[in-house]
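Asks: Kindly return the folded structure for what I paste below:
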Amino acid sequence: AGSRVGLGTTSPQSLSANGSATLHDLARSSRSCGPAAQLFMVDCSLQDLKEIPVFPASTEELYLQQNHIVTIPSGAFDNLMNLKKFNLSSNPLHCDCVIWYLKMWLDDQKLDEDSSPICFTPAELHGTPVSHLKAVHITPCSRPQTLCSDFLVKDAFLYASLFLLFFLMILCLKTIKLMKFRLKTSFQEYKLETILISERYHYVQVYSRFWQLD
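Replies: Model (predicted):
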């Protein structure tokens with residue numbers, strides 16, 4: 001493995017201490033943690049990190065100790081398939097339901113106990129290694145409760161929308177029926193008027209011939 005990259009190192013392959021997702025942004029950081037040229041070792045210790053940056057998939061050694069990381073988002077380390085050494089110690093981790101991802105990930109990695117991260121809060125779990133957590137220790141994440149009144153409002157809105165739609169359909173049908181009736185009536189009136197005009201014309205012709213004979 002290559003040597004560690006410490007403070008003040010900037011390169012196109014550096015990883016940001018500010019948690020940026022792109023390597024080009026990381027390279028512009030004046031305080032960066034990053035991999036060696038071989039992209040095997042990433043040293044982000046003592047960088048005042050509060051969030052987890054994105055690391056190269058080729059990382060074999062990752063050092064995150066002595067930062068200000070409180071929580072580890074789900075999937076943060078899923079791309080590190082070649083990891084051999086890992087240190088997340090001396091971070092004020094809050095061990096709630098979100099930390100369960102880290103616990104399961106550590107179980108899969110089979111890492112040394114010396115580098116196991118430790119819970120800082122809540123008070124009842126202070127000093128407990130994350131790898132030793134049990135399901136009974138973790139308080140389920142609270143989810144917003146849906147009240148009956150919310151369902152009533154949604155149902156009322158749904159029924160009102162359906163009633164309005166039904167009313168509009170009835171109105172459209174009546175309008176179409178009325179238009180058909182008016183068209184039919186207009187056609188009949190036109191037909192009757194045509195017949196009357198034709199009869200009047202015929203009567204005028206007969207009357208004219210009669211006067212010509214006299």
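
Asks: Now do the one helix or strand residue 202 maps to: which elements does it pack against?
Replies: Per DSSP states H and E, residue 202 falls inside helix 148-213. Counting contacts by 3 or more Cβ pairs under 8 Å, 6 or more residues apart in numbering; DSSP states H and E, helix 148-213 packs against no other helix or strand. For every residue, glycine as well, the C-beta is placed using N, CA and C.

Asks: Run the chain-centre distance for that helix.
Replies: How far helix 148-213 lies from its chain's middle: 52 Å, per Cα atoms, centre = their mean, to the nearest Å.

Asks: what's the average pLDDT for that helix?
Replies: The pLDDT scores in helix 148-213 average 80.

Asks: repeat for stretch 109-124
Replies: According to the model, stretch 109-124 has a mean pLDDT of 81.

Asks: how long is that stretch end to end?
Replies: Terminal residues of stretch 109-124 lie 26 Å apart, using Cα to Cα, to the nearest Å.

Asks: Now tell me what touches it from outside.
Replies: Stretch 109-124 is contacted from outside by 65, 83, 85-89, 91-96, 99, 102, 106, 125-131, 133, 139, using Cβ atoms under 8 Å, 6 or more residues apart in numbering.

Asks: Tell me how many other residues crowd residue 167.
Replies: Residue neighbour count, defined by other Cβ atoms under 10 Å, stands at 10 for residue 167.

Asks: Against residue 180, how distant is it?
Replies: Using Cβ to Cβ, to the nearest Å, we find residue 167 at a distance of 21 Å from residue 180.

Asks: Please apply the same query to residue 200.
Replies: For residue 200, the distance to residue 180 - Cβ to Cβ - is 30 Å.

Asks: next one: residue 163
Replies: Distance from residue 163 to residue 180, by Cβ to Cβ: 26 Å.

Asks: Any idea which residue is closest to the centre of the protein?
Replies: With distances taken as Cα atoms, centre = their mean, the chain has residue 74 as the residue nearest its mean C-alpha position (15.0 Å).

Asks: who are the neighbours in contact with that one?
Replies: Neighbours of residue 74 in contact, by Cβ under 8 Å, 6+ apart: 98, 101.
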